[in-house]
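Novice: sharing a model that was predicted from the sequence below.
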Amino acid sequence: MAKLPQSCIIFDLDGTLTDSAEGVIRSAQHMQERMGIAKWAEADLRFMVGPPLIKTFTEDFHMNQEEAKRALEFFRERYATVGLFENKVYDGIPEMLAVLQKKGKRLAVATSKKEETALRILKHYGLDKFFQVIGGDHREIGRDTKAKVIEYVLNTMGVEKEDAVMVGDRRFDVEGAHSVGIPCIAVAYGYGDSAEFEACGADHIAATPKTVAELF
């Protein structure tokens with residue numbers, strides 16, 4: 001199979017580089033307690049890992065905008081102090097990033113997570129050294145969708161769209177990449193599944209971090 005030609009590879013964070021389910025779920029339960037609503041079981045909250053939180057609160061929890069903003073504050077109340085480190089790097093991630101660097105690829109992160117939090121996580125696990133740019137949610141200046149984060153990363157790196165590819169584990173990564181005009185590799189070891197990838201039109205599917213590196 002021909003190797004992918006792009007020199008810039010942009011990674012999602014949750015479900016792609018790290019398994020953050022524990023911290024996200026426990027922080028969601030903390031939010032529910034603070035909001036005075038029934039606390040859901042862990043299995044019923046796994047869908048929250050990956051998608052933008054405001055979108056989840058308005059669409060899945062059926063909150064209005066004011067309630068969603070308050071829910072986000074309560075979620076971050078726990079996540080920013082404890083939840084972000086209830087996390088683990090997927091096996092093979094450091095090795096994959098090192099291989100891609102040796103191949104001359106420029107690496108970046110584009111996440112729906114708050115940018116400051118993403119940087120803290122990547123530094124904590126020693127992954128920040130691999131990335132030229134770490135972009136995340138910064139809604140105070142209007143960067144509040146996956147597509148806008150990807151655009152920010154591309155512009156900051158000075159990369160043309162035809163020379164970039166996204167790597168993520170959910171349809172939000174695929175849809176965000178496609179809306180910007182770049183392809184997306186979906187990883188099967190994260191929180192998405194083959195039905196989701198097929199429905200959203202993922203350009204490639206990689207079973208493991210090693211498989212991602214082998215595509216280039």
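Specialist: It's in.
Novice: domain parsing for this structure?
Specialist: For the chain, the domain assignment from automatic domain parsing gives the residue ranges 8-19+88-214, 21-85.
Novice: and the closest residue to residue 161 other than its chain neighbours, how many residues sit next to it?
Specialist: Nearest residue to residue 161, sequence neighbours excluded (CB to CB, 6 or more residues apart in numbering): residue 181, at 4.7 Å. Placement of C-beta: from N, CA and C, glycine included. As a burial measure, residue 181 scores 13 neighbours (other CB atoms under 10 Å).
Novice: same question, residue 215
Specialist: When neighbours are counted by other CB under 10 Å, residue 215 comes out with 17.
Novice: dump the residue contacts of it.
Specialist: Contact criterion CB atoms under 8 Å, 6 or more residues apart in numbering gives 3, 4, 185, 204, 206 as the residues in contact with residue 215.
Novice: now find how far off-centre the helix or strand where residue 34 lies is within its chain.
Specialist: Under the assignment given by DSSP states H and E, the secondary-structure element containing residue 34 is helix 21-35. Computed by CA atoms, centre = their mean, to the nearest Å, the chain-centroid distance of helix 21-35 equals 18 Å.
Novice: next structured bit after it?
Specialist: Helices and strands here follow DSSP H and E; after helix 21-35, the next one along the chain is helix 53-59.
Novice: can you tell me what sits against that following helix?
Specialist: For helix 53-59, contacts defined as CB under 8 Å, 6+ apart pick out 47-48, 63-65, 67-69, 71-72, 75, 112, 144.
Novice: ok, now with 10 Å
Specialist: Around helix 53-59, the neighbours that count as contacts under CB atoms under 10 Å, 6 or more residues apart in numbering are 24, 27-28, 31, 35, 45, 47-52, 63-65, 67-72, 75-76, 79, 112-114, 137, 139, 144-146, 172.
Novice: what's the answer for stretch 73-81, then?
Specialist: Stretch 73-81 is contacted by residues 20, 23-24, 26-35, 48, 53, 56-57, 72, 83-86, 113-114, 116-117, 120 when judged by CB under 10 Å, 6+ apart.
Novice: with stretch 176-183 instead?
Specialist: Contacting residues not belonging to stretch 176-183 are listed as 4, 6, 8, 10, 12, 52, 110, 112, 145-151, 153-154, 159-168, 170, 174, 184-185, 200-204 [CB under 10 Å, 6+ apart].
Novice: need the strands for the protein, in chain order.
Specialist: Using DSSP state E, the strands found in the chain span residues 8-11, 18-19, 88-89, 106-114, 133-137, 164-168, 184-187, 204-206.
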